[in-house]
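Engineer: the amino acid sequence is not available; the structure is as follows:
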């Protein structure tokens, strides 16, 4: 199986650029000028970042704008993703959910280890806030977890799409005693590692195996044999995945936490996000509010609207630089960050921050924006969501790029703090756990700003475009290193 981007009026295949234009244009239909600008953009690859930023700003023009934009944009997105045979992906996944014919066998690996405590040093959390790489509410959110009983994590079944990813919280969930159903590709070494982690942990790992692959009694399978057979591919097995999750929902009465962790290069990212999105849409329509929480690992490298206090803080700290810092900034050409300030129609003051990177591309931007729109919709429907802005991290995929190695090495000199992967995963997992236990009242911007761990990007005193450039120059030695 594979996926296609189509024009729903003709059924003809389109590219990712046409898809992005169509979705953003439809989303902003009430802003005729912006909608037309998007459609007429002749140099999409060069100018898409500014257009995504203007859409972000439009999301906060009125108290209802975010929901209106999300609803129109996602409806267009859903209409333009088709299977290789031309069927609408969302309808195919909904049908697979309803069919009650699972092609997947679930094998449970029950850990025999002692549950580890979820904790993080308060001093470390406060330091993250002090260096402007995270928002203050994370401290109290993690503090509250001290009162959580170890067995309470089992109140939820965590279903992780692309749960084998380096940035996924699934491994910690198993260590903490949680139960996790993982969708990950059929890679023996990955599944072997996950099974070993589960056995050593205190939780339960739900391993999916296509029934067609099983040739001997399940009880007779060794871990090595299981690792060889395990796995589901988001693009190839989306129907099987939908039917498997439906079966888990029918047979397990607990609340389901659906985590969307998938990433892929280029237009493939849109494809994996389309599958994640359609599964999320299906599960929220099929189950009551009390039974589902949607979770995403959001990126700080998107255009965001935040309270105007961010802009005030940036201006104050920029004016307080030392003489030597000012001299260095002059030599490097690091200009002041001046977020665009604006008022909503109700008179609320906001700031638009755009730390996007052209290296990520428009497909990445579209995939991530559809996640945010889904979060808006779920909040408006009074559902609990965890849209956790996670910091830039020194993952293997990032450090495989020479330029990014240089950027990350030089970044701390200019107030941008990439986190070690283990630390980034831990804080993200802790904040997900905190959100599950204490959802609180959510407003539109609270979806992503209240507990954001942005690594300093959102509060940088330097123009974001300059920040990436000067960090790369300052850390040029990383270009030649292997890590």
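Structural biologist: Received it, and whenever you're ready, just let me know what you need. Predicted model, so just to flag it, every value in this text is computed and none were measured.
Engineer: output the below-cut-off pLDDT ranges for the chain.
Structural biologist: Within the chain, the stretches with pLDDT under 70 are 1, 440-447, 478-479, 481-483.
Engineer: outline the domain layout of it.
Structural biologist: Following automatic domain parsing, one finds the domains of the chain at 1-87, 97-300+362-394+420-452.
Engineer: to residue 339, which of the ones you listed lies closest?
Structural biologist: Residue 339 lies closest to domain 1-87 among these, at 10.6 Å (C-beta to C-beta). Placement of C-beta: from N, CA and C, glycine included.
Engineer: got JSON lines for the domains of the chain, with distance to residue 477 and mean neighbour count too?
Structural biologist: Shown next, in JSON lines, are the domains of the chain (distance: least, C-beta to C-beta, whole Å; neighbours: other C-beta atoms under 10 Å):
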{"stretch": "domain 1-87", "distance to residue 477": "28", "mean neighbour count": "18"}
{"stretch": "domain 97-300+362-394+420-452", "distance to residue 477": "15", "mean neighbour count": "19"}
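Engineer: can you redo those as a markdown table with distance to residue 408?
Structural biologist: Shown next, in a markdown table, are the domains of the chain (distance: least, C-beta to C-beta, whole Å):
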| stretch | distance to residue 408 |
| --- | --- |
| domain 1-87 | 21 |
| domain 97-300+362-394+420-452 | 6 |
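Engineer: next up, identify which helix or strand the residue most central in space within the chain is on.
Structural biologist: The geometric centre of the chain, computed from its C-alpha atoms, lies nearest to residue 297 (C-alpha atoms, centre = their mean), at 2.7 Å. Here residue 297 sits within strand 292-298, counting by DSSP states H and E.
Engineer: could you do residue 25 as well?
Structural biologist: Going by DSSP H and E, residue 25 is in helix 16-27.
Engineer: following that helix, which helix or strand comes up?
Structural biologist: Downstream of helix 16-27, the next assigned helix or strand under DSSP H and E is helix 32-40.
Engineer: quick check: angle from that following helix to helix 16-27?
Structural biologist: 170 degrees (axes from the mean of the first three to the mean of the last three C-alpha atoms, to 10 degrees).
Engineer: tell me what helix 32-40 is packed against?
Structural biologist: helix 16-27, helix 44-58 (3 or more C-beta pairs under 8 Å, 6 or more residues apart in numbering; DSSP states H and E).
Engineer: the inter-axis angle of that helix versus helix 44-58?
Structural biologist: Using the same axes, to 10 degrees: helix 32-40 against helix 44-58 is 160 degrees.
Engineer: what are the contacting residues of helix 32-40?
Structural biologist: For helix 32-40, contacts defined as C-beta atoms under 8 Å, 6 or more residues apart in numbering pick out 21, 22, 24, 25, 26, 28, 29, 51, 54, 55, 58.
Engineer: what's the closest of the residues you listed to residue 324?
Structural biologist: residue 54 (37.3 Å).
Engineer: wait, what's in contact with that closest one?
Structural biologist: 34, 37.
Engineer: one more time with 6 Å, if that's ok
Structural biologist: Residues near residue 54 by C-beta atoms under 6 Å, 6 or more residues apart in numbering: residue 34.
Engineer: still on that earlier bit, could I get the helices and strands packed on helix 32-40 as CSV with distance to residue 83?
Structural biologist: What follows is the helices and strands packed on helix 32-40, written out as CSV (distance: least, C-beta to C-beta, whole Å):
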stretch, distance to residue 83
helix 16-27, 15
helix 44-58, 26
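Engineer: to residue 176, which of the ones you listed lies closest?
Structural biologist: Of all the helices and strands packed on helix 32-40, it is helix 44-58 that lies closest to residue 176, at 34.6 Å by C-beta to C-beta.
Engineer: roughly how far is the helix or strand just after the closest one from the heart of the chain?
Structural biologist: Later in the chain than helix 44-58, the nearest helix or strand by DSSP H and E is helix 65-79. Relative to its chain's centre, helix 65-79 lies at 18 Å (C-alpha atoms, centre = their mean, to the nearest Å).
Engineer: now the element after helix 65-79, going C-ward?
Structural biologist: Going down the chain from helix 65-79, the next helix or strand is strand 81-83, by DSSP H and E.
Engineer: I'd like to know which elements the next helix or strand after that next one is packed against.
Structural biologist: The helix or strand immediately downstream of strand 81-83 is helix 89-98, counting by DSSP H and E. For helix 89-98, the packing partners by 3 or more C-beta pairs under 6 Å, 6 or more residues apart in numbering; DSSP states H and E come out as strand 81-83, helix 238-251, helix 268-286.
Engineer: how about a cut-off of 10 Å?
Structural biologist: On a contact count with 3 or more C-beta pairs under 10 Å, 6 or more residues apart in numbering; DSSP states H and E, helix 89-98 meets helix 65-79, strand 81-83, helix 238-251, helix 268-286.
Engineer: what angle separates the longest one from strand 292-298?
Structural biologist: Relative orientation of helix 268-286 with respect to strand 292-298: 160 degrees, computed using the same axes, to 10 degrees.
Engineer: correct me, but residue 204 touches residue 110?
Structural biologist: Yes: taking C-beta atoms under 10 Å as the definition, residue 204 is a contact partner of residue 110 at 5.1 Å.
Engineer: any residues in contact with both of these two?
Structural biologist: 179, 198 (C-beta atoms under 10 Å, 6 or more residues apart in numbering).
Engineer: neighbouring strands - and their directions - for the helix or strand just after the strand holding residue 297?
Structural biologist: Downstream of strand 292-298, the first helix or strand assigned by DSSP H and E is strand 304-307. Within its sheet, strand 304-307 is paired with strand 349-353 (antiparallel), according to DSSP bridges.
Engineer: so what touches the partner strand?
Structural biologist: The contact list for strand 349-353 (C-beta under 10 Å, 6+ apart) reads 53-54, 56-57, 60-61, 300, 302-314, 337-344, 445, 449, 454, 457-460, 464.
Engineer: now it: buried residues?
Structural biologist: Going by neighbour count (16 or more other C-beta atoms under 10 Å), the buried part of strand 349-353 is 350, 351, 352, 353.
Engineer: related to what we said a few turns ago, and the strand holding residue 297, how far out from the chain's middle?
Structural biologist: Distance, centroid of strand 292-298 to centroid of chain: 8 Å (C-alpha atoms, centre = their mean).
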